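Asker: Provide a 3D model corresponding to the input given below.
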Amino acid sequence: MAPAVMAKVNREEIEAELISGLYKRTRPLLIANIGAMLLLSLSLWRSADHAYVLLWAGTLFCWTMLRFALAKLYLSRPRSVGEAKHWVYAFAVGSGVAGMLWGSSVLLITAMGPDYGRLVIAFMMAALSASAIAGYTNSLVAFGAFTLPALAPFGYHLIWFDGEPSWLIGAFVLFWGLLLWSMARHLNDGFKENVALLLGNQNLIRHLSAAKERAELANLAKSRFLGNMSHELRTPLNAVIGYSEMMKLQILGPIDNPQYAEYVGHIHDRGRHLLHFVTQVFDLSQLEAGDIDLAADRIDVTKLVVEAVEEAIPAAIAEGIIVNAEVATDLPQLVGDHGKLRQVLRNLLGNAIKFTTDENRVTVGAEKLPDGRLAIAVSDGGIGMSPAEIEQATIPFHRLESQDHMKRDTPLRNDTGQTATGLGLPISRLLVELHGGELKIESRPGTGTTVTVLLPPERLASPPRPSPESNTEAASALAARLAPGAAE
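Answerer: Below you'll find the predicted structure:
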């Protein structure tokens, strides 16, 4: 078989397809076997013992029907490549028994007269050879299992028909056998090449279809990305340009009008929003391209939580939200990129505060699980998400595309010229996965959301680690910092 063809298709797939072809040819073999059996039985009825003819014909008929039933069983359902491979041996056994039954018929034929018997033997050898070529060349194992016991007795009796060996006939029989085997191998190779070509074409069609689908998705993603970028950049820029033009044209009067100070604040906020968005897009592109390397910092988990929560305090105080920290005091140090993990907690806390209703709480917890993993969870009492929203929460730009904050009837606070990009969770998920961990989201509408960062045991460091006293002090300081009175 051509190596180029074989390289495209797994050899086991080719063998499985050839085996399937063997069983698909059982129906014509059934007709040929029964037809030849009836003709031979009628030819032997006058010369051979009726009991032996009926016994031979009945046995061959029953075995042929059993093989047909086996073929129906095989074709009744699709089979895996490995499973199909074993069925060739079952077919070879059935072929071998059928060959022996046909070979045994020579004992009945010898009861005929010399001339008539020799003619019938030659005819049977030709018929069995044609049957083997037509029905068994998909598998050389099955071909050999049938032809050897079927033709060897006929060949032997043809050579010794008169009691003395005929070397000339022996040479013809030998040549016949070699020619038959050569034809079988040639046909088998041809079948393999045809099947390999067929499977290769099917694989190529699947690959081209998948490539086309990926190209279409990539083109759609590009269009969506450009649309999102345009929307995300245009919205704050319109605010920046609008406020600055009002100041430039002094619409509200001289430049010392107090209203302009508010406009300057809006311009500053929108500028920071733009910078944050561009930074997020850059981080996302680097993460998806695999261009970010992690540092191997030894991280005090309690201090990491404290730092992230302290960054979120101004937003929490502005919205009247209380942030609680529940950090175990016996946590080992964490090995990872301190800045990236702090960014993850910053994103999770920002989302929790953004979607938590007034006079509610956000809780940050950290503990070591029984399976050895470290869990850092951020829980809120906000509006929550449905299962469909959870599934889409880590898709970049999904919140912007669906205007999810509007669908939830929870407009973003201070929403002048501002949009929600929906990049925080996707970036957080990629950063956690980069650490070998998992981001788990649990939520129900109306009951709040819990996002858990699960980091593998390999990320937990052995000593040295902070003493329990230092962790207790840090947790106490954090509790005091976040007490309800501090928000006032």
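Asker: only C-alpha atoms from now on, for both contacts and neighbour counts.
Answerer: OK.
Asker: from L174, how far out is S166?
Answerer: Distance, S166 to L174, by Cα to Cα, to the nearest Å: 12 Å.
Asker: again, but for G155
Answerer: From G155 across to L174, the span is 9 Å (Cα to Cα).
Asker: so which of these two has more stuff around it?
Answerer: G155 (23 against 13; other Cα atoms under 10 Å).
Asker: quick one: the more buried one and L425, what's the gap?
Answerer: Applying Cα to Cα, the value for G155 to L425 is 79 Å.
Asker: I251 falls within a helix, correct?
Answerer: No - read with DSSP: H, G, I helix; E, B strand; the rest coil, I251 is coil and lies in no helix.
Asker: can you pull the pLDDT of it?
Answerer: Note on I251: pLDDT of 78.
Asker: what about stretch 261-272, distance to the chain center?
Answerer: 48 Å (Cα atoms, centre = their mean, to the nearest Å).
Asker: and stretch 157-169, by the same measure?
Answerer: Stretch 157-169 sits 64 Å away from the centroid of its parent chain (Cα atoms, centre = their mean).
Asker: also stretch 350-361?
Answerer: Its chain's C-alpha centre and that of stretch 350-361 lie 37 Å apart, by Cα atoms, centre = their mean.
Asker: CA atoms only for that stretch - export them in CSV, please.
Answerer: Below are the C-alpha coordinates for stretch 350-361, written out as CSV (Å, rounded to 0.1, in the frame of the first residue of the first chain):
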residue,chain,number,x,y,z
GLY,A,350,-15.1,44.3,42.5
ASN,A,351,-17.8,42.1,41.0
ALA,A,352,-19.1,41.2,44.4
ILE,A,353,-19.4,44.8,45.5
LYS,A,354,-20.9,45.9,42.1
PHE,A,355,-23.7,43.4,42.2
THR,A,356,-24.5,43.4,45.9
THR,A,357,-27.6,45.2,47.0
ASP,A,358,-27.4,48.0,49.6
GLU,A,359,-27.0,47.1,53.3
ASN,A,360,-25.7,43.6,52.4
ARG,A,361,-22.4,41.9,53.0
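Asker: how about it: buried residues?
Answerer: 350-357, 361 (16 or more other Cα atoms under 10 Å).
Asker: ok, stretch 24-31 next?
Answerer: Those would be 24, 26, 29, for stretch 24-31 by 16+ other Cα under 10 Å.
Asker: kindly report the same for stretch 11-22.
Answerer: 13-22.
Asker: with stretch 239-253 instead?
Answerer: 239-240, 243-244, 247.
Asker: strands - which of those residues land there?
Answerer: Among those, no residue falls in strands (DSSP state E).
Asker: what ranges does the stretch 151-300 of the chain have for its helices?
Answerer: 167-248, 258-289 (DSSP state H, counting those that start in this stretch).
Asker: got the angle for the last one vs helix 167-248?
Answerer: Read it as helix 258-289. Put simply, helix 258-289 runs at 170 degrees to helix 167-248, going by axes from the mean of the first three to the mean of the last three Cα atoms, to 10 degrees.
Asker: how far off centre is helix 258-289?
Answerer: For helix 258-289, the separation from the chain centroid amounts to 38 Å (computed by Cα atoms, centre = their mean).
Asker: now for it, which elements pack on it?
Answerer: For helix 258-289, the packing partners by 3 or more Cα pairs under 8 Å, 6 or more residues apart in numbering; DSSP states H and E come out as helix 167-248, helix 424-434.
Asker: got the domain boundaries for this structure?
Answerer: If you go by the TED database, the domain ranges for the chain are 1-210, 297-399+420-461.
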